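**Q** can't give you the sequence, but here's the structure:
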């Protein structure tokens, strides 16, 4: 290869790599869709937060559209979104919580202090269900249809605006 061609290819190669990296940095990874979208909720067997003797599994999520909210006592955003979750429960939307990487005592204290909009709370102290869901931080919320299929995934805090613009329309679509 001639020296002149090499001198031309090096800057062009550098610019192409730089352009590719710049373009990738413009994408927010939090905006990516869940890999579980349109798939069955992962199989699990766990105890409930309130009763260490009560076992539940994925059949809990069949029969009715359900919001599954992954939360933890240690999560500041979970405290912020609790008024919105209570509002959704007041509107008759079924919710199941996943108490993620917590202790029973701290989880129960959180619910006693901030309210409990959940029909049931799955206790996930090791984060295994969260891992199967692809959770990378709480809070995260999944809309599961009556057949147990994940139809929507909300990453992060649910704001009052999210309730009216995203959550309620998604629930209505799958009811």
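**A** Structure's in. What do you need? The structure displayed is predicted, hence computed values, not measured ones.

**Q** surely residue 144 meets residue 153?
**A** No: in terms of C-beta atoms under 8 Å, residue 144 does not count as a neighbour of residue 153; the distance is 10.3 Å. From N, CA and C alone the C-beta is placed, and that goes for glycine too.

**Q** what kind of secondary structure is residue 69 in?
**A** Using DSSP: H, G, I helix; E, B strand; the rest coil, the three-state assignment for residue 69 comes out as strand.

**Q** cool, and residue 166?
**A** Going by three-state DSSP: residue 166 is helix.

**Q** more crowded one of residue 144 and residue 153?
**A** With other C-beta atoms under 10 Å as the criterion, residue 144 and residue 153 differ in neighbour count, and residue 144 comes out ahead with 24 against 20.

**Q** in the sheet, who's paired with the residue nearest the centre of the chain?
**A** With the centre of the chain defined as its mean C-alpha position, the nearest residue by C-alpha atoms, centre = their mean is residue 140, 2.6 Å away. Here residue 140 shows beta-bridge partners residue 70, residue 155, assigned using DSSP bridges.

**Q** Could you report the separation of it from residue 63?
**A** Computed with C-beta to C-beta, to the nearest Å, the distance linking residue 140 and residue 63 is 23 Å.

**Q** quick one: residue 173 is in a helix?
**A** Yes: residue assignment for residue 173, taken from three-state DSSP, places it within a helix.

**Q** Neighbours of the residue nearest to it when sequence neighbours are not counted, how many?
**A** Leaving aside its sequence neighbours, residue 173 sits nearest to residue 151 (C-beta to C-beta, 6 or more residues apart in numbering; 7.7 Å). By the other C-beta under 10 Å criterion, the neighbourhood of residue 151 contains 16 residues.
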